[in-house]
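A.B. asks: here is the input, now give the coordinates:
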Amino acid sequence: QVQLVESGGGLVRPGESLRLSCKASGRIYSIDSMGWYRQAPGQQRALVATIDKRGLTNHAESVRGRFTVSRDNARFLVDLQMNSLRPEDTAVYFCLARNVCYGSVCTNGDFWGQGTQVTVAS
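C.D. replies: Here you go, the predicted structure:
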């Protein structure tokens, strides 16, 4: 089975930075797309940024220019560098792996991490 484990969340002040990391494990040999979504209280889960295995990225407009997604294909890692954080960035951040080949199967679907809390407050 595929597991995603996030790290790097925490409490920061407005304007500060955080870096989130996520590692996928479980006899994986290919992941099409990896990335991050977030969910604030009372809101639906929403895209933050994704990156495919060619390095093509997609950042939500609300984070463009402040957040940068990157990945290490060989180690199945995806990071999210978050700069100039704002109170409205406060949310639980979830790691995503999409269309994963592991063991003897390839799946068309999403695997999610357990989430890591990011709180931006003064």
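
A.B. asks: rest of the way, CA atoms for contacts and neighbours
C.D. replies: Fine.

A.B. asks: any idea how many residues pack against Ala49?
C.D. replies: Ala49: 24 surrounding residues under other C-alpha atoms under 10 Å.

A.B. asks: direction included, what does the one helix or strand it maps to pair up with?
C.D. replies: Assessed by DSSP states H and E, Ala49 sits inside strand 46-52. Taking DSSP bridges as the criterion, strand 46-52 sits next to strand 28-39 (antiparallel), strand 57-59 (antiparallel) in its sheet.

A.B. asks: need the contact partners of it.
C.D. replies: 32-39, 57-60, 63, 68-71 (C-alpha atoms under 8 Å, 6 or more residues apart in numbering).

A.B. asks: cutoff 6 Å now
C.D. replies: Strand 46-52 has contacts (C-alpha atoms under 6 Å, 6 or more residues apart in numbering) with Asp32, Ser33, Met34, Gly35, Trp36, Tyr37, Arg38, Thr57, Asn58, His59, Ala60.

A.B. asks: so which of these wins on neighbours?
C.D. replies: Result: Met34 is most packed of the contacts of strand 46-52 (other C-alpha under 10 Å), 30 neighbours.

A.B. asks: and the pLDDT at the residue lying farthest from the centre of the chain?
C.D. replies: Within the chain, Ser104 marks the point farthest from the mean C-alpha position, 25.6 Å out by C-alpha atoms, centre = their mean. On pLDDT, Ser104 comes in at 88.

A.B. asks: redo the strands paired with strand 46-52 as JSON lines? Include distance to Ala97 and mean pLDDT.
C.D. replies: Output for those, formatted as JSON lines (distance: least, C-alpha to C-alpha, whole Å; pLDDT from 0 to 100):
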{"stretch": "strand 28-39", "distance to Ala97": "5", "mean pLDDT": "96"}
{"stretch": "strand 57-59", "distance to Ala97": "14", "mean pLDDT": "98"}
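
A.B. asks: so which of those strands gets nearest Asp110?
C.D. replies: Of all these, strand 28-39 sits nearest to Asp110, with 9.4 Å by C-alpha to C-alpha.

A.B. asks: can I get the CA coordinates of the closest one in CSV?
C.D. replies: Taking Å, rounded to 0.1, in the frame of the first residue of the first chain, the C-alpha atoms of strand 28-39 are listed here in CSV:
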residue,chain,number,x,y,z
ILE,A,28,6.6,2.6,-5.6
TYR,A,29,8.3,2.9,-9.0
SER,A,30,6.4,5.8,-10.6
ILE,A,31,4.2,8.7,-9.5
ASP,A,32,2.6,10.8,-12.2
SER,A,33,1.8,13.9,-10.2
MET,A,34,2.6,15.0,-6.6
GLY,A,35,1.5,18.1,-4.8
TRP,A,36,-0.3,19.9,-2.0
TYR,A,37,-3.8,20.8,-1.2
ARG,A,38,-5.1,22.6,1.9
GLN,A,39,-8.3,22.8,3.9
